[in-house]
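Peer 1: Please find the sequence and the predicted model below.
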Amino acid sequence: MATSPSVGDGAHRSNLFGRTALILITVLLVLLGLCVGGLWATRGAMANFAFLRTRRAAAEQSLVNLGPWQTVQTLAQLAVTAEEKEYARDAERLADHEVDQAFAAALRKADLQERHKVLTGHALALSQRVAQLQQEIAEDQAKVARLKGAGTGAAGPVGTAKNVASLAATGDSLKVAEAQLGLDKDELTDAQRDLDRATGNLSVRIQGELAGHEASMRKYDSEQQQDDGVTAVVSAKRHLTLYERLTAWFNQRGRYASVEQAGAEALSDVGRITAEHNALEARENAVTAAGSGGATLAEIQDSSTERQILSIDDDRIQTDKQLASVYEKWGAQLQLQHQILLHLILQSLEAILFIALGMIGCDALVRRLTEHPSVDRRQAHTLRTILRVVVQVVGILLIGLLVFGPPHQTGTIIGLATAALTISLQDYILAFLGWFMLVGRNGIRVGDMVEIDGVCGEVLEVGLMSTTLLETTGMAEKGEPTGRQVSLLNSFAIRGQYFNFSSDGQWMWDEITVSVPADENIYDIAKSVEDLAREETKESARLAEAEWKQRAHSTRLTGMSAAPVVMLRPTVPVVDIATGIDIQVRYVTRAVGRFEMRDRLYRHVIKLLQDANVAKGLPQERVSVDHVAS
């Protein structure tokens, strides 16, 4: 009954994609979609991470905005070409100046804020203590100066006892006064710190941040190495492979996005400082207009400080504008380098396309050449296959060199390639090694009758890689040629087993079975058959026993007999055939002459039984003969 194609196709698809496989594929596709969506949602995180981190750190941990310097410090490490490094140095100089001016403005704002504070309670007491200590220090300094002057005036031209005593007393008083001056200064320092802490004076924190920034600047300058790099064109030409050019191209895209964002941050700082400047200037103008009739000393001092802050803000605005201009030029340089790399990438793609077209042309040329009518069809097919594989391998290798370049770890690659070839070609390696075993003392020769992996036949050729047999029927049969040639890899000599029935010592047990009716004189017939077999195989048994004794290494094999063995067993009942007795005769014979020995035994046994039946007047069909070889 014919099978419907649709049913067969459905069964095939069911085998390829079962229920479990479909569920697994669905889950993997869902997870892949979630990953793609997450990547799209966070696509800008890597590009902005460095600047967001520096800005956030500047806003949370510092009273003064260090963002311009931290941004330049990060971008300077990404500069590659000489042009980029030059722009990075300009940006570092401007950013350092901008941060210094920011510290100056912050100190003045903190000082201005400190003047207008109204102290109460504990802060007021600390302020009075500071003023008292300052007065005491002034008195101590005057006393020390007076004592030093007194000691100088007490010294006369003659060192009398009175002058010596006066100098000693003055020296002791001077030491006491200097010690008291140092103690008062220490108390003033402690009291000033307590007052700053109580009033929240920002000047101290700003001074600390300024000292830390200057220390980090000195460390940064000491670690910097003067490296001007190479020009953009030379740097781009160093990327020889398509992979390196694509990697550099994407790196430039990342640097351009970072530089563009840094420029935007600089312009944002310009807007912020401008707004602060305008607000402060408007307030100052209003205060000046209100107090045009006369101003106190404190108001004049505040106005002077605010004018200094306005001047600093003007300088910061100008510096940030210059910094934004440097970033703009840096971005333009990156765009130019981007075009250079794009040109080189197109060159690589052009070469790859040229190689691909060459592969197609060579393939067409190979087909044209192998279609010549004078070439044998099988040879043409083999030649075409080999040439096409060679063309494809060469083309792929050339494309691989253009994309990835020559391998750098040559020794490692050779080792890995050797290991891969050893694994993939292990059958051929074992076949080559097996050839040495086959041509050895216990191997096989052309013309031998062998059995290899269940295939029987006569050896036609023993090559380096394979052995060719003219296939015959099994060893238990007549051994007639089937007309087929079988080629086997020589690896069977190492990994498998083979039997050679043509070499010396190839003895085998063969067997024939004689079926007689149960009413016959079984034991007389069996004794006659055994005598017949013993007589026919006497010489073979003697030679086999001699060889076994010579080659055996155990007493069990040494005492083994090669005499024929006769066994009796009931015949299996078959429909319409009476139950009889099977007489099995096992005997030793050489594998090469097993068929001749079997034929002789057949003739003698049949003649023996026919003679017995004729003597009794019985039909000859009552006897059957069979054989088994082992």
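Peer 2: Structure's in. What do you need?
Peer 1: low-confidence ranges in the stretch 301-450 of the chain?
Peer 2: Filtered on pLDDT under 70, the stretch 301-450 of the chain yields the residue ranges 373-376, 378-379, 409-410.
Peer 1: and with 80 instead?
Peer 2: For the stretch 301-450 of the chain, residues meeting the criterion pLDDT under 80 lie at 301-303, 370-383, 406-417, 421, 424, 441-442.
Peer 1: cool, the stretch 451-600 of the chain as well?
Peer 2: The low-confidence ranges in the stretch 451-600 of the chain, as defined by pLDDT under 80, are 473-483, 501-508, 516-522, 547-562, 571-580, 590-595.
Peer 1: now the strands for it?
Peer 2: Using DSSP state E, counting those that start in this stretch, the strands of the stretch 451-600 of the chain run over 455-462, 466-472, 481-489, 498-500, 507-517, 565-570, 580-590.
Peer 1: roughly how far apart are the residue lying closest to Ala541 once chain neighbours are set aside and Ile512?
Peer 2: Closest residue to Ala541 apart from its sequence neighbours, by C-beta to C-beta, 6 or more residues apart in numbering: Ala562 at 3.9 Å. For every residue, glycine as well, the C-beta is placed using N, CA and C. Applying C-beta to C-beta, to the nearest Å, the value for Ala562 to Ile512 is 16 Å.
Peer 1: again with Phe103
Peer 2: Counting by C-beta to C-beta, the gap from Phe103 to Ile512 is 117 Å.
Peer 1: ok so, going back, could you list every residue that touches the residue nearest to Ala541?
Peer 2: Trp507, Thr537, Ser540, Ala541, Arg542, Ala544, Glu545, Trp548, Val588 (C-beta atoms under 8 Å, 6 or more residues apart in numbering).
Peer 1: let's see it at 10 Å
Peer 2: Under the criterion of C-beta atoms under 10 Å, 6 or more residues apart in numbering, the neighbours of Ala562 are 507, 509, 537-538, 540-548, 587-589.
Peer 1: mind pulling up the phi and psi values for it?
Peer 2: phi -110, psi 20 (degrees, to the nearest 10).
Peer 1: Alpha carbons only: can I get stretch 254-272 in CSV?
Peer 2: Extracted in CSV, the C-alpha atoms of stretch 254-272 (Å, rounded to 0.1, in the frame of the first residue of the first chain):
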residue,chain,number,x,y,z
GLY,A,254,32.1,55.9,21.2
ARG,A,255,34.8,58.6,21.6
TYR,A,256,32.8,61.0,19.4
ALA,A,257,29.7,60.5,21.5
SER,A,258,31.8,61.2,24.7
VAL,A,259,33.4,64.3,23.3
GLU,A,260,30.1,65.6,22.0
GLN,A,261,28.5,65.1,25.5
ALA,A,262,31.5,66.8,27.2
GLY,A,263,31.0,69.8,24.9
ALA,A,264,27.3,69.9,25.8
GLU,A,265,28.3,69.8,29.5
ALA,A,266,30.7,72.7,29.0
LEU,A,267,27.9,74.8,27.3
SER,A,268,25.6,73.8,30.2
ASP,A,269,28.2,75.2,32.6
VAL,A,270,28.3,78.4,30.6
GLY,A,271,24.6,78.9,31.0
ARG,A,272,24.6,78.0,34.7
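Peer 1: So for it, what gets flagged as buried?
Peer 2: 255-263, 265-267, 269-270 (16 or more other C-beta atoms under 10 Å).
Peer 1: Off-centre distance for it?
Peer 2: 36 Å (C-alpha atoms, centre = their mean, to the nearest Å).
Peer 1: Then stretch 584-604?
Peer 2: Here stretch 584-604 is found 68 Å from its chain centre; the criterion is C-alpha atoms, centre = their mean.
Peer 1: Stretch 335-348 too?
Peer 2: 29 Å.
Peer 1: Name the next helix or strand following the top helix by length along the chain along the chain.
Peer 2: Looking across the chain with DSSP state H, the single longest helix is helix 297-370. Using DSSP states H and E, the helix or strand that directly follows helix 297-370 along the chain is helix 377-404.
Peer 1: name the helices or strands packed onto that following helix?
Peer 2: helix 242-290, helix 297-370 (3 or more C-beta pairs under 10 Å, 6 or more residues apart in numbering; DSSP states H and E).
Peer 1: buried residues in it?
Peer 2: Ala380, Arg384, Leu387, Arg388, Val391, Gly395, Leu398, Ile399, Leu401, Leu402.
Peer 1: separation between the second one and Arg367?
Peer 2: Right, Arg384. Between Arg384 and Arg367 the distance, using C-beta to C-beta, works out to 7 Å.
Peer 1: give me every residue that touches Tyr498.
Peer 2: Leu438, Gly443, Ile444, Val450, Glu451, Ile452, Asp453, Val455, Thr467, Leu488, Phe492.
Peer 1: tell me the angle the longest helix of the chain makes with helix 377-404.
Peer 2: Counting by axes from the mean of the first three to the mean of the last three C-alpha atoms, to 10 degrees, helix 297-370 lies at 170 degrees to helix 377-404.
Peer 1: on contacts alone, who are the packing partners of helix 297-370?
Peer 2: Using 3+ C-beta pairs under 10 Å, 6+ apart: helix 297-370 touches helix 67-76, helix 82-115, helix 232-237, helix 242-290, helix 377-404.
Peer 1: List the contacts of the third one.
Peer 2: Going back to what we said before, that points to helix 232-237. The contact list for helix 232-237 (C-beta under 10 Å, 6+ apart) reads 80-84, 229-231, 245, 248-249, 252, 333-334, 336-344.
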